[in-house]
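In: make a model of this:
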Amino acid sequence: MKYLVIGLGALGLVYFAVIGAVLFWQFGPKTSVMGFDTRAVSRTAGYSAGALGGVRHNALLDATETYVETHDDVAPKILAGEAFAPVPFLNKQLEKDGEAFRVRSTDGMTALFYEVS
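Out: From the prediction side, this is the model:
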């Protein structure tokens, strides 16, 4: 009987340790226990549905994806999704797509636009 109680107690401690580890893994104080980014990348982050800024941002993302697919010497920040493609390429792609705006400059994932007629 004594060994049964000790065995059940040990089993209970192991059970609670495993449950605690799972809960910590899922709801721990860090954004990611293993150091990986857990945020989902959204193409419309920060924009209302149908907003002009979101439409333009998505056009630049599409042009940047085309740049990555068609060039071999792509900068690491562009590959990581931290920067847009070079401005001359973006403007050529926007003109090809028939967009009514162009890019004056970029800084990471921020772009300064101007209208064309």
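In: quick one: list the elements packing against the lengthiest helix in the chain.
Out: If you go by DSSP state H, the chain has its longest helix at helix 2-27. Applying 3 or more C-beta pairs under 8 Å, 6 or more residues apart in numbering; DSSP states H and E, one finds that helix 2-27 contacts no other helix or strand. Yep, even glycine has a C-beta here, placed from its N, CA and C like the rest.
In: can you list the weak-confidence ranges in the protein?
Out: Counting by pLDDT under 70, the chain shows low-confidence ranges at 25, 28-50.
In: what about the strands in it?
Out: In order along the chain, the chain carries the following strands (DSSP state E): 101-107, 110-115.
In: give the buried residues for the first one.
Out: Across strand 101-107, burial judged by 16 or more other C-beta atoms under 10 Å covers 101-103, 106.
In: now do the shortest one
Out: If you call a residue buried by 16+ other C-beta under 10 Å, then strand 110-115 has these buried ones: 111, 113.
In: chain center to it, what's the gap?
Out: With C-alpha atoms, centre = their mean, to the nearest Å as the basis, strand 110-115 stands 22 Å off its chain's centre.
In: mind listing residues that contact that strand?
Out: Strand 110-115 has contacts (C-beta atoms under 8 Å, 6 or more residues apart in numbering) with 56-57, 60, 84, 90, 100-106.
In: same list, those residues, but as CSV with distance to Ile19 please.
Out: Listed next are these as CSV, based on distance: C-beta to C-beta, whole Å:
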residue, distance to Ile19
Arg56, 48
His57, 43
Leu60, 46
Phe84, 45
Leu90, 51
Ala100, 57
Phe101, 54
Arg102, 57
Val103, 52
Arg104, 56
Ser105, 53
Thr106, 48
